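> Quick one, fold the following:
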Amino acid sequence: MNARDSEIMAQFLRQAGHKECSSAAEADIILINTCSIRAKAEHKLISLLGALRPLKKEKPDIIIAVAGCVAQQYGAALREKMPIIDLIVGTQRIYQIAELLAAARRKPGLIAGTLDKSYQIPIFLPDAATRRRSGSVSRFVTIMQGCDNFCAYCVVPYTRGREVSRQLSDILEEVQALLDQGVAEITLLGQNVNSYGLTNSAGGRLCRFPELLRAVAALPGLRRLRFTTSHPKDLSDDLMRCFAELPNLCPHVHLPLQSGSDAVLKRMNRRYDRQDYLALVERLLQYRPDMALSTDIIVGFPGEDEADFAATMDMLERLRFDASFSFKYSDRPGTASANFPDKIDERIKGERLQVFQRRQDQISLERNRAYIGKRLEILLEQVDAVSCSGRTPSNHLTHINHLSARDIKPGDFVTVVITDAGQHALRGELAS
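Numbers count the residues shown, from 1 in each chain. As a prediction, the model looks like this:
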């Protein structure tokens, strides 16, 4: 979502006559897009702003703008902490970035960050310049924004607002524009994509997420379709059936588990338990036996004891995720869990995270080695004189050892025989 928002802001700035430059020292405007899902991301922002102080002193006319979730969360308090900031842009105002920067030149210190309950995602079409600059053969399309789940640890409802779904026609028009530019793969984005269509404050046609998937999948020229992120409680049977019905829907699901302990899941307000999650995965594999599964895990949630952590490790052994994004719990301002008692010592959190990640790496290597000898279709993303890389339908990064004499380029689909595997990638050779 943040990557897509950055692309959108860059496009609006180009259309307003701005040009990108290669270093901060050359710039008239420095725009920092931020995330606040974990404390580490905020720390990186503060560190970067501190590093920009000498430049701001040397070039007082330079505009330093902060956009995104940290900007939304802290607003004026962020500028009080870092007075070098000239513009603060909340998550719902990124589409006005060019006008806001012009206003900040006239009045430094501008703050545009109020969440609006009647907010609508504007109609937005990507330009060809974005495609040329990124060189990407795979692009993101936002279908909804915000979240209504209010998980105890999560700041998203407070920084992105409540759920808002885009109109079906707007989404299809944006995807078609990307396909017309030669994009081969589309990833539909939302904080909780499978609740798409449940909430929207304006008129126009909406539908449920499975219908949206079928409509996008039917667009001519779309070779691959993905989506992220899903909440287990909204993973319907109709949605899972799409993996069997739609040939261009890739067999990969990112399904955040967060914890394997029912007690912790209840404190997290996740609204499912271990058995619910296990049943969903079993059903998914019935529809697509080759399904790849990745997940999110939080270790050290308040009150997590050794038995709770053991339950998470047990789920890892049962499900053998292809990959996982795992983190130590950190308090986020305004969330329910920030006020929970029984916080876990940082040393214990760190030890548990190492145990989990070490075992996940072993499982990822074992699962990846199972691909050795198989012929897989790869969508090429990078090509140079001696090698290339791309992704399988299951989202495995694959490095290709040797190039044949034939002309190949990013965006091509090639068949590769897998010859080796590591923890995080496959390696293969072009099939004859």
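> quick one: buried residues of stretch 74-90?
Tyr74, Gly75, Leu78, Arg79, Met82, Ile84, Ile85, Asp86, Leu87, Ile88, Val89, Gly90 (16 or more other CB atoms under 10 Å). Every residue, glycine included, has its C-beta placed from N, CA and C.
> What of stretch 239-255?
239-240, 242-243, 246, 248-255.
> And it, end to end?
The first residue of stretch 239-255 is 13 Å away from its last residue (CA to CA, to the nearest Å).
> cool, stretch 8-23 as well?
Stretch 8-23 end-to-end distance (CA to CA) = 20 Å.
> now do stretch 330-350
End-to-end span of stretch 330-350 (CA to CA): 12 Å.
> State the mean pLDDT of stretch 34-54.
Mean per-residue pLDDT for stretch 34-54: 92.
> Please point out which parts of it sit buried.
In stretch 34-54, counting by 16+ other CB under 10 Å, buried: Thr34, Cys35, Ser36, Ile37, Arg38, Ala41, Glu42, Leu45, Leu48, Leu49, Leu52.
> now do stretch 142-154
Buried residues in stretch 142-154, counted by 16+ other CB under 10 Å: Thr142, Ile143, Met144, Gln145, Gly146, Cys147, Asn149, Cys151, Ala152, Tyr153, Cys154.
> Beta-bridge partners for the third one, please?
Here Met144 sits in beta bridges with Ser165, as judged by DSSP bridges.
> Before we move on, what's the pLDDT of it?
Each residue has a pLDDT score; the one for Met144 is 94.
> just Leu125 next, same as before
Leu125 is assigned 86 on the pLDDT scale.
> Not counting its neighbours along the chain, what's nearest Leu100?
Spatially, and ignoring its direct neighbours in sequence, Leu100 is nearest to Ala112 (5.4 Å; CB to CB, 6 or more residues apart in numbering).
> For the one you found, give its distance to Ala16.
Counting by CB to CB, to the nearest Å, the separation of Ala112 from Ala16 is 16 Å.
> Those two: which is more packed in?
Each of Ala112 and Ala16 has its neighbours counted (other CB atoms under 10 Å); Ala112 has more, 22 against 12.
> Got the domain ranges for the chain?
2-112, 116-250, 375-430 (automatic domain parsing).
> Now do the helices in the stretch 301-432 of the chain.
306-319, 346-369 (DSSP state H, counting those that start in this stretch).
> thinking again about what came up before, just the buried residues of stretch 239-255: which are in helices?
Members of those lying in helices (criterion: DSSP state H): Leu239, Met240, Cys242, Phe243.
> For the chain, name the helix or strand with the lowest mean pLDDT.
Within the chain, no helix or strand scores below helix 128-134, which has a mean of 67 by mean pLDDT, DSSP states H and E.
> in the chain, what spans have low per-residue confidence?
131-135, 200-205, 402-406 (pLDDT under 70).
> correct me, but Ser230 touches Leu255?
Yes - using CB atoms under 8 Å, Ser230 makes contact with Leu255 at a distance of 5.4 Å.
> Quick one: closest of the helices of the stretch 301-432 of the chain to Tyr158.
Smallest distance to Tyr158 across the helices of the stretch 301-432 of the chain (CB to CB): 23.4 Å, for helix 346-369.
> In TSV: the buried residues of stretch 142-154, plus secondary structure and distance to Pro220.
Listed next are the buried residues of stretch 142-154 as TSV, based on DSSP: H, G, I helix; E, B strand; the rest coil; distance: CB to CB, whole Å:
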residue	secondary structure	distance to Pro220
Thr142	strand	22
Ile143	coil	20
Met144	strand	25
Gln145	strand	28
Gly146	coil	31
Cys147	coil	33
Asn149	coil	35
Cys151	coil	39
Ala152	coil	44
Tyr153	coil	42
Cys154	coil	38
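> Same list, those residues, but as a markdown table with distance to Ala336 please.
Below are the buried residues of stretch 142-154 laid out as a markdown table (distance: CB to CB, whole Å):
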| residue | distance to Ala336 |
| --- | --- |
| Thr142 | 27 |
| Ile143 | 27 |
| Met144 | 23 |
| Gln145 | 22 |
| Gly146 | 18 |
| Cys147 | 14 |
| Asn149 | 12 |
| Cys151 | 9 |
| Ala152 | 4 |
| Tyr153 | 8 |
| Cys154 | 9 |
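> What distance do you get for Pro126 to Ser261?
Look at Pro126 and Ser261: by CB to CB, they are 42 Å apart.
> if you count what's nearby, which of those two comes out ahead?
Just comparing Pro126 and Ser261: by other CB under 10 Å the higher neighbour count belongs to Ser261, 24 against 21.
> Tell me who's in contact with the more buried one.
Arg274, Glu304, Ala307, Asp308, Phe309, Ala311, Thr312 (CB atoms under 8 Å, 6 or more residues apart in numbering).
> Any chance of a PyMOL selection covering the buried ones in these?
Buried subset of the contacts of Ser261, written as a PyMOL selection, criterion 16+ other CB under 10 Å:
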select buried, resi 274+304+308+309+311+312
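> Farthest-apart pair in the contacts of Ser261, please.
Arg274 and Glu304 (14.7 Å).
> and the strand or helix carrying Leu52, what does it pack onto?
Under the criterion of DSSP states H and E, Leu52 resides in helix 39-58. Judged by 3 or more CB pairs under 8 Å, 6 or more residues apart in numbering; DSSP states H and E, the packing partners of helix 39-58 are strand 29-34, strand 63-68, helix 69-74.
> Show me what the residue nearest to Leu100 is bridged to.
Assessed by DSSP bridges, Ala112 has beta-bridge partners Val89.
> okay but it is in contact with Leu87, surely?
Yes - the pair Ala112 / Leu87 is scored as a contact, 7.5 Å apart, by CB under 8 Å.
> Count the residues that sit near the closest residue to Leu365 other than its chain neighbours.
With sequence-adjacent residues excluded and distances taken as CB to CB, 6+ apart, Leu365 is closest to Gln423, at 4.7 Å. For Gln423, the neighbour count with other CB under 10 Å is 14.
> dump the residue contacts of Gln423.
Counted by CB under 8 Å, 6+ apart, Gln423 has contacts Asp361, Ser364, Leu365, Asn368.
> is it true that Ala67 touches Ile30?
No - applying CB under 8 Å, one finds Ala67 not in contact with Ile30, separated by 11.2 Å.
> who has more neighbours, these two?
Between Ala67 and Ile30, counting by other CB under 10 Å, Ala67 is the more crowded of the two (26 against 19).
> Dig out what the more buried one forms beta bridges with.
Asn33, Val89.
> where along the stretch 151-300 of the chain do the helices fall?
Assigned by DSSP H, counting those that start in this stretch, the stretch 151-300 of the chain shows helices spanning 156-159, 168-180, 209-217, 237-245, 262-268, 274-287.
> same for the fifth one, what does it pack against?
Under the contact criterion of 3+ CB pairs under 8 Å, 6+ apart, the helices and strands touching helix 262-268 comprise helix 306-319.
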